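> please find the sequence and the predicted model below.
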Amino acid sequence: MAGPYNGLRIVDTTGLAGAYATRLFAGLGAEVIRLEPPDGSPLRRLGPFAHNVEPPENSLWWSYLAMGTRSVVIDPQDTDALMQILAEADVVFEDQLPEKSLVPQDEISPTTIRTKILPFGLAGPKRNWSSSNLVAWAASGILYTTGFTNRPPVAPAAPMQLAYHASAASALVGTLLALRSRRITGVAQDVEISMQEVALSIAPETGVPMFMDDRVHRERSGNRRDLGRPFGLYPCKDGFVSIIVLMPRHWAAMAQWVSETTGNESITEEVFVDNAVRVEAKDLIDDWVEELTTQGTRLELFEEGQRRGIPITPVNTIDALVDNPHLEAADFWTTTQLQDATEVTIPGAPFRSSSPWWSMAPAPRLGEHTHIYLN
Amino acid sequence: MTNTENDLPLNGVRVFELGIAIASPFCGKLMAHFGADVLKIESRMSPDVVRILGSAWLKDRDDLAPISSDTSPYVSEMNASKRSIGLELKTKEGKAAALQLLAECDVFLANFGARALTELGLDYDSVAAVNPDIVYVQLPGFGSDETMPYYPFVAWGPNQAPLVGMDDFTGHADDPPAGIATIAPPDYMSALHAAIATITGLEQRDITGEGVHIDISQFETTLALLGPFVMDYDLTGTVYSRIGNRSMWGAPQGVYPCAGNERWIAISATEAEDWTALRTLLGSAIDLDFDNPSTRLTDQDRLDEQIAAWTSSFEVEDLAYRLQSAGIAAHVVSTNEDLLHDTHVTSRNWYQVAASSRLGRDVFSGCAVKLSATPGRWTAAGPSMGEHTREVLSDVVGLSEEEINNLISAGGAFEQLEPDMVATRPWNDWIHLLVPGTEDARDL
């Protein structure tokens, strides 16, 4: 293991806000120390849990996000111990405003990079506001546009905690840039992430520049959109598939497929080549497409549709992903070890590199490395 | 502290970007902001989708049709501060010029399909042959290994989220999946991982002199966010799915109606101290047995009904301030109109304005990564298509004027169409309302 971040010491004082960043950092070879209070990181209280493992080692969130890191338990009142750990840190991750942070703001070494992931940033009228994954999406404009018209709006992929992970990934980008800058100039600096801005950056569709352009109020429209037809989710034997047809060649292939499979002769008529006509006749088109999709499974429709050059994907569930033939052939899934030595499946490296950067040890026990850093 | 462009962390790094839509362009924009010279390679034969979108206010302006490709707001949103070079890679001449240009670049960044790159002769081996220590980063939908089953498959934008499990996780528990076709988080997550991989590759190259090939299968990258659910499935067979806006870890959390039509508030009060604070505000609107935390978890329907009855009498903005003043995470479920008036966002200079050769100036979203000592730069808004072809071929590749003329007349390269044709966006005069302190920027 010889990545360019070998030998760097990272101290993580965050919970969910920074965990994905320091997980990646550890995977790329940095020495990541997670500071935990005596009763453990808040991540350790997040279910689902492994039933055969005792708390505080049983959280699957902890077991996944803390992989490759080291656990040092520290009494928040013990400033000497804290300073001992921080003294040799190249980077400190924080998720609290300076006045509330565990980290003494004035005593940190000027060569230490400080990465702060905050709900609404360091400054501005809402600097003191609290957040969550849900609240960050609410503040981005995207929550309002997601869901069915007759139901309350919903956050995108809420259980995945995307707003936190995207903030963490953005924080890591900033941190790596700051490290590069420090290597060249010798000067350290602060990295600031506002979770609201991260969510906004993922949501230009509801952003102000787009709105100024078309002045259209964005509304939710369920799982189909009137940009084209077929466009969105269609039911099948074991769930749903997603079909996005805009381009003429995609429609030609789609109409051909429906016609061949269901005997529908009308769908290949010239008039439907015009996307605007298909949107106008959307109920009819949707019925015809559903006559095809309800005959197959997600995987059958995906593989056959793709073979025909149609932009179609399965609406995958966790079980379908774990059993997916491509991911299996690509040897994507790997395993980690829980504290009772159970091997459990986890996603592999998020990217593949011709240099051997990536490696991940199991998550540490509470305080497993305290004795190494504090004597 | 000094703060000139020469100090930016990616100063001196030149990027050859073959980007479409979001995944690669979003990464390139980030790199350009922090000092890289990002060269967006463009084609008229198969243009980037942002060149096809155009702008809503130009729909009926046939006189401005030649500049339509420069007018989608996404041009600046995804490509601010880049230079645009028109090269037709499917021509022999254009391909040769691209290889000459690649020899002068530090990073190759592309989200073309893996097969498309190979067909262009720009797969890793071909590029490394002219530039052995290049940092080569590609973001194909399903990886670049041609022996893998989905290698030739195509997934983009709205189709990617369902593929990686996001649509199944979106919606209320008893509803069909709601779908998230309005945004494409996998594109952005791939872009952020691409930035992480690229900077890591540059560090390795600077320290050891060795280049690197990084393959970001967009399918795999986003799955890295599913860890705990995959583990639970492996251990217990549980298939996690959508749960509306609720939290897996506490209650209440949800989106509740407020006074008026389609006004909603998001509230997260999952910790014990949140409940204490919320209880005080709710007063008699809530049953006493909810003081028991396990009742809050087991009877969420009744809990949410009572909270919704309470929130529906409030004006949403007012309620958000009341809740946050009590320390409870809450926010208006902002519409796009609300964002226009979000003074927190504008006070932080989230929207940026920069010069545009076609539009005079243009506004776009800033960068969510903020560095205190090297805060980045915006040299320009999104480039006009082919705007920098001549200067890059001359200054970077070292072609003579005659060689460039020959390349263009052979169809291997192209320049900006109608360079003298300019237009101003209808909202140009009030951009300053979005960007504090830019009143003086009107003549930019």
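Looks like it came in fine. On a predicted model such as this, the values are computed, not experimentally measured, just so you know.

> which strands and helices sit next to the helix or strand that contains B:Ala194?
Per DSSP states H and E: B:Ala194 is located in helix B:185-208. Here helix B:185-208 touches helix A:162-185, helix A:195-202, helix B:23-33, strand B:107-110, strand B:135-138, helix B:160-163, strand B:212-215, helix B:218-223, going by 3 or more C-beta pairs under 8 Å, 6 or more residues apart in numbering or on different chains; DSSP states H and E. C-beta: built from backbone N, CA, C; applies to glycine.

> of all those, which lies closest to A:Gly305?
Among those, helix B:160-163 comes nearest to A:Gly305, with 12.4 Å by C-beta to C-beta.

> quick one: mean pLDDT over the closest one.
Helix B:160-163 shows a mean pLDDT of 94.

> may I see the buried residues of it?
By neighbour count with 16 or more other C-beta atoms under 10 Å in any protein chain shown, helix B:160-163 contains the buried residues B:160-163.

> got CSV for those residues, with distance to B:Ser247 too?
Converted to CSV, those look like this (distance: C-beta to C-beta, whole Å):
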residue, distance to B:Ser247
B:Gln160, 26
B:Ala161, 21
B:Pro162, 23
B:Leu163, 26
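
> can I get those residues in JSON lines including distance to chain A?
As requested, those are exported to JSON lines (distance: C-beta to the nearest C-beta, whole Å):
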{"residue": "B:Gln160", "distance to chain A": "7"}
{"residue": "B:Ala161", "distance to chain A": "8"}
{"residue": "B:Pro162", "distance to chain A": "4"}
{"residue": "B:Leu163", "distance to chain A": "4"}
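
> burial count for the closest residue to B:Glu88 other than its chain neighbours?
Leaving aside its chain neighbours, B:Glu88 sits nearest to B:Gly94 (4.0 Å; criterion: C-beta to C-beta, 6 or more residues apart in numbering or on different chains). Neighbours of B:Gly94 under the rule other C-beta atoms under 10 Å in any protein chain shown: 23.

> please, which helix or strand holds B:Gly94?
Using DSSP H and E, B:Gly94 falls within helix B:92-102.

> number of residues surrounding B:Asn349?
Neighbour count of B:Asn349, defined by other C-beta under 10 Å: 16.

> do B:Gly171 as well
When neighbours are defined as other C-beta under 10 Å, B:Gly171 has 29 of them.

> what sits against it?
B:Gly171 sits next to A:147-148, A:154, B:177-179, B:242, B:244 when contact means C-beta atoms under 8 Å, 6 or more residues apart in numbering or on different chains.

> returning to that earlier point: closest to A:Pro125 out of the helices and strands packed on helix B:185-208?
Taking C-beta to C-beta, helix A:195-202 is the member of these nearest to A:Pro125, at 11.9 Å.

> for the closest one, packing partners?
Under the contact criterion of 3+ C-beta pairs under 8 Å, 6+ apart, helix A:195-202 touches helix A:133-138, helix A:162-185, helix B:185-208, helix B:343-347.

> deepest in the core, which of those is it.
Of all these, helix A:133-138 carries the top mean neighbour count, a mean of 31, counting by mean count of other C-beta atoms under 10 Å in any protein chain shown.

> so which of the buried residues of helix B:160-163 comes closest to A:Lys116?
Nearest to A:Lys116, judged by C-beta to C-beta, of the buried residues of helix B:160-163 is B:Ala161 at 29.3 Å.

> what's the helix or strand for residue 243?
No chain specified, so I'll use chain A. Assigned by DSSP H and E, A:Ile243 belongs to strand A:239-244.

> wait, I meant chain B there
Per DSSP H and E, there is no helix or strand for B:Ile243.

> so it sits against B:Thr170, correct?
No. Contact criterion C-beta atoms under 8 Å: B:Ile243 and B:Thr170 do not qualify, at 10.2 Å.

> quick one: residues contacting the residue located most distally from the centre of chain A.
The C-alpha centroid of chain A is most remote from A:Glu265, which lies 43.6 Å away (C-alpha atoms, centre = their mean). Residues counted as contacts of A:Glu265 (C-beta under 8 Å, 6+ apart) are A:Ser259.

> look up how far A:Phe332 lies from it.
Separation of A:Glu265 from A:Phe332 (C-beta to C-beta, to the nearest Å) stands at 43 Å.

> next one: B:Ala36
Taken as C-beta to C-beta, the span from B:Ala36 to A:Phe332 is 31 Å.

> number of nearby residues for the residue lying closest to A:Glu219 once chain neighbours are set aside?
Leaving aside its sequence neighbours, A:Glu219 sits nearest to A:Thr145 (C-beta to C-beta, 6+ apart; 6.7 Å). Residues lying near A:Thr145 (other C-beta under 10 Å) number 24.

> OK, contacts around A:Thr145?
Neighbours of A:Thr145 in contact, by C-beta under 8 Å, 6+ apart: A:153, A:205-206, A:218-220, B:182.

> next: A:Ala330.
Here A:Ala330 is in contact with B:143, B:145, B:148, B:217, B:220 (C-beta under 8 Å, 6+ apart).

> most surrounded residue in these?
Of all those, the most densely surrounded is B:Ser217 (28 neighbours; neighbours counted as other C-beta under 10 Å).

> how close does that residue sit to B:Glu119?
Distance of B:Ser217 to B:Glu119, computed by C-beta to C-beta: 19 Å.

> what does B:Ser325 give?
B:Ser325 is 60 Å from B:Glu119, by C-beta to C-beta.

> circling back to that earlier point, what about dumping the CA coordinates of the helix holding B:Ala194 to PDB?
Provided in PDB are the C-alpha atoms of helix B:185-208 (Å, rounded to 0.1, in the frame of the first residue of the first chain):
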ATOM      1  CA  PRO B 185     -27.400  12.500  -7.600                       C
ATOM      2  CA  PRO B 186     -25.300   9.600  -9.100                       C
ATOM      3  CA  ASP B 187     -23.900  12.000 -11.600                       C
ATOM      4  CA  TYR B 188     -22.700  14.400  -8.800                       C
ATOM      5  CA  MET B 189     -21.400  11.600  -6.600                       C
ATOM      6  CA  SER B 190     -19.400  10.300  -9.500                       C
ATOM      7  CA  ALA B 191     -18.100  13.800 -10.200                       C
ATOM      8  CA  LEU B 192     -17.000  14.200  -6.600                       C
ATOM      9  CA  HIS B 193     -15.300  10.800  -6.600                       C
ATOM     10  CA  ALA B 194     -13.600  11.800  -9.900                       C
ATOM     11  CA  ALA B 195     -12.300  15.000  -8.300                       C
ATOM     12  CA  ILE B 196     -11.000  13.000  -5.300                       C
ATOM     13  CA  ALA B 197      -9.300  10.400  -7.600                       C
ATOM     14  CA  THR B 198      -7.900  13.100  -9.900                       C
ATOM     15  CA  ILE B 199      -6.300  15.100  -7.100                       C
ATOM     16  CA  THR B 200      -4.900  11.900  -5.600                       C
ATOM     17  CA  GLY B 201      -3.500  11.000  -9.000                       C
ATOM     18  CA  LEU B 202      -1.900  14.400  -9.400                       C
ATOM     19  CA  GLU B 203      -0.300  14.100  -6.000                       C
ATOM     20  CA  GLN B 204       1.100  10.700  -6.800                       C
ATOM     21  CA  ARG B 205       2.500  12.000 -10.100                       C
ATOM     22  CA  ASP B 206       4.100  15.000  -8.500                       C
ATOM     23  CA  ILE B 207       5.700  12.900  -5.800                       C
ATOM     24  CA  THR B 208       6.700   9.800  -7.800                       C
END
